[in-house]
Every structure is written in structure tokens, then in C-alpha cells.
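S.K.: The following comprises the amino acid sequence and a computationally predicted model.
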Amino acid sequence: MTTKIFLQQLTNGISLGSLYGLVAIGYTMVYGILRLINFAHGDLLMVASYTAIYGIAMFTLPWYISFPLAIIVTGFVGIMLDKAAYKPLRDAPRISLLISAIGASFLLENLALVVIGGVPKAFPRPEIFAKVVSIHGVRIQVLTIYTPIITILLLFGLLFIVYRTKAGKAMRAASMDFETTRLMGIDLDRIIAFTFLLGSTMAGAGGIMWALKYPQVNPFMGVIPGLKAFIAAVLGGIGNIVGAVIGGFLLGLAEILLVAFMPEAAQYRDAFAFVILILVLLFRPTGIMGEPIVDKT
Amino acid sequence: MTKERRNLLLNIASIISVYIILWFFQKYGTEYQIRILNNMAVFITLAVSYNLVNGICGQLHLGPNAFITIGAYTAALLTMSPAEKQMSFIIKPLIWPFSVIQAPFPVSLIAAGIAATIFAFLISFPVFRVRGDYLAIVTLGFGEVIRVLCNALQSVTNGPLGLKGLKPYTTIWWSWSIAIFTVIVIQKLINSSWGRAMKAIRENEIAAQAMGINPFKHLMMAFLISAFFSGVAGGLLAHLITTISPTLFTFFLTFNLLIIIVVGGLGSTTGAVIGAMLFAWGGEALRVVESPMDIGPVHIPGIPGMRMVLFSVILMLVIIFARRGITGRNEFSWDWLFSKLSGK
Amino acid sequence: MKGKVIFKFFVLLVAFCFCFTAPALAKGKIKIGVYLPMTGAVAAYGQMEWNGLQVAHEMEPKVLGKDIELVLVDTKSDKIEAANAVSRLIEKEKVVAIIGEAISGNTMAGNPISEAAKIPSISPTATNPLVTQGKKYAFRACFIDPFQGQVAARFARNNLKAKTAAVIIDIAQDYCVGLANFFVKEFVKMGGKVVSTTYIQTGDQDFTAQLSAVQAAKPDIIYAPNYYTEDALMAKQARDLGINVPILTGDGAQADELIKIGGKAVENMYFTAHFHKKAATTELAKKYIAKFESKYKKEADAFGALAADAYFLLVDAIKRAGSTDGTKIRDALASTKNFPGVSGVITMGPDGNPIKSVVINKVENGKFVYVTTVNP
């Protein structure tokens, strides 16, 4: 393998990884507070992409309005998801929450299938994202460069909210102890809703960038990225926002480099991510950055 | 007559009556009805064994599709004749010893169960290192790994081409006998000290441990038995549909089983049986929501996919508003029936 | 208590179902059953075929003086459901013939049932040879994998003058694996060399790693006999990486969405396909294409066209049989000769596989253009 191809693969890995990371943030935040794997989180990618398509195609909005709008809509879909599927189950056993999450995920996918149809739709790619630049013979799509940058920017914005604002403080408190947080006069439901809003917004941004990178949208597009992002979150240390992004980068890189060095192993790619998950859970369940998990009752 | 004796006689009588009903269907029923009956029996076997891990032990295991896959492939590879196998494997030839052996259907079913059990044994070590959501994701992961392997190991599974042209050995006699056998074995297990220990682990693992119960040993036992029957059911399924490929065993299948046991009542074998029967029959009956309808002058065109939407909604409604499902954790028993009848 | 509530809910639900199961009395109607994956993993194919069927049905809504009714049941892209669906169509809907399924695996789950009931079935797009092998009542409207793979290899060697080829296979689809397999055999037999074989999976969206391996092997052409979703993304990423060799693919890739998704990247992509507007020799094809485009505002795809052909072949057979008896329709279908269908002039060969010529198309300026015809 030449250096040129290696560099090309490296950029691909980083850009795929940053997408995983962006989606993983949502998993990790929700898990931190509710101890719930939000199975429907991956489907928010699909929600964001379809919303953006309809914004452009039906309301003829320019992309710079349609994309942010789609991200905001996705954020609110996230809140609705919490209200409908998780809020009634706050005091229920966790197994019930998880089943509800699986149900919600299937519901979103099948609603999209019934309403929009299963035929994949093309995602409109604005010219400025489609350009290809050549650096010393390495051809890189500008999108590949933008993606990690946007991810890092969003990450800093999020960290600011979580560590420098009151709402963020309340979120951190809630992730440690529900009861005490409540005693402090914090409206827990609002904080949870806010968490879902933030996490889903990240997923929305991730969804748009995913669709820009792989411009084909179908009702099941979020399933595999969702699972991979969850693995990334575990790899980084679940509950830890920075860890989620780092886990995402590592998983993306590992996947791309595996296929690059061993093309014949490409057929094992999806299994590879799960093997990583199992290994992490066996040998370092707290992930790279994680603290020991406090089991909330 | 003691109560035990009465109950035993009633049990035997009800099993006989099941067979009589089956005989009527066999003689007078249509192919369509028999197919649904077969599906029912296979789903009962799957749901009851799945419920053992999920309902009785309380571990959300999301990988029964892995056991079913292994069972289906094992059984199919055994019943196909060497000549048929040679013809099917066009990408890569089938490896020895599968290429030469052939076994009768009952043997292949047992082999299917054993193969699934061995796999369950191997993965039980990593799986039961974790609990809760992690266990769910790890088992989901193993299900996914098996599917990927089915696609990739072409010299064993024929890859995405799958195995085709199996003999339709699965009759309602086979499928229902196995379903009844599964229910009896698992009920016996649940009512034994093993079963009580499993329930104790479900309620509070630490307390159970303090009582001297070894969680790993008990969970593994449940897991292995569940895997065995899932594997056998996989073999039945393969010879019912007569063609298998990796796409048959996706997470979708697990989702269906989850609906069955949740709606039926997590932790209840009776619930799993009722859930499975409702699912196999209801899935077909609900097709009407997808076909065009004329209500008076209004014509509603058919909307394919409504059934899946409905299934997801039912699952969520049940889990949110009626978490106990149809039966809760209660089991059907003759004592209960008689006390109801006598109005006590 | 809650258990009881739920139980009542179910009783209501069931009662509700029964209210509607009273079959719409179909007096003087001829029912043709259709089972397709309208939901689930391969819903896209089912939905495209259903579109084609509806156009075909509008074009010829009657046979033997009676209205034809298409009864659609969904298979959820699942084998168990596919088998149930066929049973249901035969027993409950009493259809005279069956169209479906879209993919080979599900068709093979349904076929044994219609075979036993002596109801002819015709699949629009199940390409695996085993689908019809040894079955008397099973037919198809598409090419079989070996034939298409061989034609692609011959075209690559003779017309594109390719000496080396890279093959990219969607490992999750038996159609893709079948085509690639027979392509490689024929290509090597004709003196070509396969320099790289890489695998992808349906639903994959990132192919850069595989494509880099292809790039390193420097092939003359890429043979990627996959479905259009994967092929469009793959072509896009290939061109972004600077791989500019022609890409050759099969009929599963020819859909309007390919160009929509792939844009400029799919220029110079070649297809072994069934038809082209320009090369459409039959009246039926011209009419179908015009009607399809005015109804759906997009170019006709192969899936819809083959589904329409399945329909037209059946209607033609019923006409010639002069009856709706399963065995008579089957005999008429088997003796189909030079039927001017949408996807070319079709003669039903032995074993229920149609014999028709392959049309090679390519993408030029965002349109499918006709290149040449290869006769069987």
C-alpha cells in the first residue's frame, strides 16, 4: 500500500469516525442520565435526512436554511420520543424501558416506510460540499475535511453547555443522583427533555452529514450507524461526552483500516465492530475515558 | 382422586385433544390453515424457550436469532443429500464432513439443538460477565456476528445464496409434538429448585447470591436449554419453509419473539404460548388493514406496512400501559380453573 | 386487572378484523395474486415492481371479457411471510395465478406451495436458476444469473476490450454473487484476468476501503453487478478517488434513482439490461414506457418493466388458454413464443426461463442510452 492510499484511507477513517462520534454523543448523554440505551437514537439520522430533503424539495428552501431547520426538528422529535416512549416508564424496570425503545425504533422506521416508501431517495448535495481537492495527489472531498471540524466545533459547544451553564450543571447532577437532584429543586423532567434535545440535535447534525457523505436516504439508514455509534460510546466510556467522540474516531479508523489492509476481510466489517464491543466489555467495561458505572436504582 | 392425579389426567386429556384437533385440521383443513398451525407451533417453541431467559431469569437477551440460525443450518446441512449439496454450492464447494453426511430428520433436529447449545455454551462466558443493557447489546452483537458469518463462510453456509430445496419434513405432528415437549420440559424446569433460583436471580441477584445461589451456573443452564429448543425450532423452521438464507434470521425475528413474550406476559409460559398463537394467527388476520377496503362510498386503498406499524404500537402500548401483558406472571393451572369454576 | 383490560383490547381488535374480512364479493372478476416485499429490507424492489404492475394493469385491465383484480399481499421481505402469503392467495383469495416474489430466496419459499396447488406463478425478478428448476408451475420474466454474467463477460472482453477486471460483489445478495460468479468464470475462460475481488454488503455506505484496493490493482474495468443503491454510492466514491475506468453492472442497477443519487459519477456506467426506450422494438414497450413516465414522472426501471412483463405474459397465457384453470394457464405460459413484451421479444424456454436478448445500455449526460444488443 502506498503512502498516498494510506493517507486517503486515514482521512476517510477520520471523517467516518467523527460521524460515529457525533451520533455517539446522544447515546452517551441519555445513558448518563437515564441508564437507557436509546435504541431509537439511530433512527433520528433518518428523521433529519428526510426532513432536510423535504425542506429542499417541497418548500424549496435553500440548503443553509433547510439543514439547520431539519436539525432543530430532529431535536424536537427527540423530545417527543422521550415524552411518548420513556417518560411513562420512569419508575418501571429497565428492561421495560429497553423494550419500549426497541418498539419506538421499529415504529419510526415503519412509519417512514409507510408514509414515504422504501425506495431510497437521493439526498441533494450542495456544490460547496461536493468539491474535491487534491493535496499532493491525495484526492479528498471537502466534506471529508469539514466533517471532523464541525464535529469538534459542536463538541466544544456542547461541553460549554454542560460545564459552564446552569442547565448543564443540573444535567450533571441528574446523572449522579435523581433523588438529590430533585431535592435541590430541579425539574427533572425538563432536564431530561433538555438532554434529549441536545443529544438529538447532535444526531440530527450527524444525520445531515451522513446523508451528504452517502447521499441516499431510506427508512433503515439509521440502524447500522446507530449500533456502531453505540459501540463507539461504550468504547469511549459510556456517560462521557469526550469519550464518545474519541470512541467514534477510533472505531471509524479501525473499521476503515481493517478493510484497507485486508480487503478480503470487508465482509466481516459489521461483525468486527461487535467483536470490539465484546472485548471492551470483557476487559475494560468502563471504556477508555469512563468512570466506574454507578448503578442507579 | 387426589388433586395431582386429577391434574395429570387432565393434562393428558388436553394433550390428546390437541392431537384430535390437529387431526381434524389435517383431514379437513386447507393448506393455509395447516401452515398457520405449523407457524404457531414453531413460534410456541421459540417463545417459550426465549421466555425462559428473558422472563424467568429477567435477562434481556436479544440474540435468539443466532441459535435459530445455527439450528436451521445444522439441520438443513444434515438432511440434504450429498448430491443436492454439491449442486447448491456453486460459489465454493462444501467442506468435509458436511459434504458427505446425511441424516434422517429427527437426528438432524437433535443435532440442530446440540449445535445451538454448544454455541450458547461458548458465548455464555462473555455474555454473563455483563448485565442489563450491556447484556442486551452483547447478545444482539452475537446475533449480528452469526448473520455476518453466514454470509461470509461460504464453504459451510453457501453464503447469501442460502440452502434451497429442502424436503418439507415439518408436519403439524412434528411441530406440535416438539412444541408440547418444550412446554413440558421448560415448565418442569421452572417449577424445580433450579427455576425458583432463576426467579430469585431475576428479583434480586445480590440477595440470591447471598442465599447461596450461583447466578452464573443458573443463568447458563437457562441459556443452554433455551438455545437447545431454539435450535430445534430452527431446524423445524428450515424444513417448513424449505429454503433458508441469512436474511431469514435478522434482528427482525428477535423483535417478533419479543413482541410475543411481552404481549403474552413476560415470565409466564402460558403467556408465551398465548402470545405465539395470537401472533401467528393475528399476523395473518391483520392483513386486512393492508388490503383495500370499501366502507360505504369511501374507498381506502391498501397501505402495505400498516401491520408493522401496528405491531410496534401494540408493543409500546403494552409495555407502557399494561406491562404485565395478557397473563402477567401467572400460569394457567387446573387448580386455578376449578377454583374459578366453583366460584371461590 | 390490567391483563384483563389488555385481553379485552385484543378481543375487540380481533372482532374488528372480522368485520372487514368479509371478502369484497368479486363476481365475474379474475383474481391474480401478487406477493411482493412492500416492507422490510428489500421493500424498494417490491414497491418498484408494484408500480410497474399497476401501469400494466391499467393498460390491460380485462381478459376473457372479465375484469382482472390484482390482490397484493406483503411479504415483509421475509420467507415465513412469503410462504404464508402464497398459501393465503391460493386458499383464501382463490387466485388463478400468482406474480412474485422480487428476490430469489423468498420466491423459493413461496414456489413449492403454488407448485403443490397447481397454480402457475411467475416471478418478475428472481434470477437464481434454482427458482424454476424442476418445477412445472414456476416461471420467471427475467434472465437467469449464469446467462447475464456470461453476456457481461463477453461484452467486457469483446466490446470494451478489457484484459483485466476488478469485481466488487455485494455479498448479501444472491443475485450479485451469482452474476459475479458466472462473470468471472466466463471472463477467465476468454483470456481475461481478474485482478481484484472485493466484497460489500447491502446497506453499506462506505466503499472507499474496497475501492482503494481496486485502485491499487489498476484494472481495465470494474464489474459491480449490485443493486442501484450500492452501485450509485460506489460509483460516486470511485470517481471521487479518481478511478475513471468503465463500470459494468447488471439489470438490478438500472433505475432512475441511480442517476439521481450518482449524478455525474455514474456517467459511462454500462448495464446488461432488458430494454431501452430507443431499442424498444415492441409496441407494448413503447406504450408502457410512455404511460409509466407520465404516471410517475421518472424513467422506467427494470424492476417495474419485468413486473409488467410478468403480468402481460400471464394475461396473454390466460387469453390463449381461454380458461382460468391453473394447468391450462400453465401450459399456455410454457408455450409462449415470440411474445412482444416490454423487456423484448420473449419465448418461454424449457424450465420456465424466458429466452430474450440482452440490451447493453450506458449512462451518458444523465440519461440511459442504448449501446448494443446481444442475442441469446
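M.R.: The structure has been received and is ready for your questions.
S.K.: And the helices in chain C?
M.R.: C:2-21, C:43-59, C:79-91, C:104-116, C:145-154, C:174-189, C:208-217, C:228-241, C:256-262, C:283-296, C:302-321, C:326-334 (DSSP state H).
S.K.: Need those in TSV (columns: mean pLDDT, distance to A:T201 and mean neighbour count).
M.R.: For glycine as for every other residue, the C-beta is placed from the backbone atoms N, C-alpha and C. TSV is the format used below for those (pLDDT from 0 to 100; distance: least, CB to CB, whole Å; neighbours: other CB atoms under 10 Å in any protein chain shown):
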stretch	mean pLDDT	distance to A:T201	mean neighbour count
helix C:2-21	48	36	13
helix C:43-59	91	29	24
helix C:79-91	91	37	26
helix C:104-116	90	40	27
helix C:145-154	90	46	23
helix C:174-189	90	38	23
helix C:208-217	85	28	24
helix C:228-241	87	26	26
helix C:256-262	83	27	23
helix C:283-296	90	36	17
helix C:302-321	92	38	26
helix C:326-334	93	57	19
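S.K.: I'd like these as JSON lines, with distance to chain B appended.
M.R.: Formatted as JSON lines, those follow (distance: least, CB to the nearest CB, whole Å):
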{"stretch": "helix C:2-21", "distance to chain B": "4"}
{"stretch": "helix C:43-59", "distance to chain B": "8"}
{"stretch": "helix C:79-91", "distance to chain B": "4"}
{"stretch": "helix C:104-116", "distance to chain B": "4"}
{"stretch": "helix C:145-154", "distance to chain B": "9"}
{"stretch": "helix C:174-189", "distance to chain B": "4"}
{"stretch": "helix C:208-217", "distance to chain B": "15"}
{"stretch": "helix C:228-241", "distance to chain B": "13"}
{"stretch": "helix C:256-262", "distance to chain B": "19"}
{"stretch": "helix C:283-296", "distance to chain B": "15"}
{"stretch": "helix C:302-321", "distance to chain B": "15"}
{"stretch": "helix C:326-334", "distance to chain B": "14"}
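S.K.: got these as TSV, with distance to B:S81 columns?
M.R.: As requested, the helices of chain C are arranged in TSV below (distance: least, CB to CB, whole Å):
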stretch	distance to B:S81
helix C:2-21	43
helix C:43-59	33
helix C:79-91	22
helix C:104-116	17
helix C:145-154	23
helix C:174-189	21
helix C:208-217	37
helix C:228-241	36
helix C:256-262	42
helix C:283-296	44
helix C:302-321	32
helix C:326-334	28
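S.K.: so which of those helices gets nearest C:V371?
M.R.: Nearest to C:V371 among the helices of chain C is helix C:145-154; the distance by CB to CB comes to 12.5 Å.
S.K.: other SSEs contacting the closest one?
M.R.: Counting contacts by 3 or more CB pairs under 8 Å, 6 or more residues apart in numbering or on different chains; DSSP states H and E, helix C:145-154 is packed against helix C:174-189, strand C:269-273, strand C:358-364.
S.K.: how much distance is there from the strand or helix carrying B:H239 to the middle of the chain?
M.R.: Assigned by DSSP states H and E, B:H239 falls within helix B:215-241. Distance, stretch centre to chain centre, for helix B:215-241: 8 Å (CA atoms, centre = their mean, to the nearest Å).
S.K.: Please apply the same query to stretch A:58-71.
M.R.: On CA atoms, centre = their mean, the centre of stretch A:58-71 falls 20 Å from the chain's centre.
S.K.: what does the average pLDDT come to for it?
M.R.: Averaging pLDDT along stretch A:58-71 yields 90.
S.K.: That one: which residues count as buried?
M.R.: A:61, A:63, A:66-71 (16 or more other CB atoms under 10 Å in any protein chain shown).
S.K.: Run through who's touching it.
M.R.: A:48-49, A:51-52, A:55-56, A:124, A:126, A:201, A:204-205, A:207-208 (CB atoms under 8 Å, 6 or more residues apart in numbering or on different chains).
S.K.: Return the per-residue confidence for the closest residue to chain A within the stretch 51-200 of chain C.
M.R.: The stretch 51-200 of chain C approaches chain A most closely through C:Y199 (4.3 Å), counting by CB to the nearest CB. pLDDT, C:Y199: 85.
S.K.: Correct me if wrong: it contacts A:D270.
M.R.: No. Taking contacts as CB atoms under 8 Å, C:Y199 lies outside contact range of A:D270: 11.7 Å.
S.K.: Neighbour count: the two, which is higher?
M.R.: More crowded of C:Y199 and A:D270, by other CB atoms under 10 Å in any protein chain shown: C:Y199, with 26 against 21.
S.K.: Understood, closing this out.
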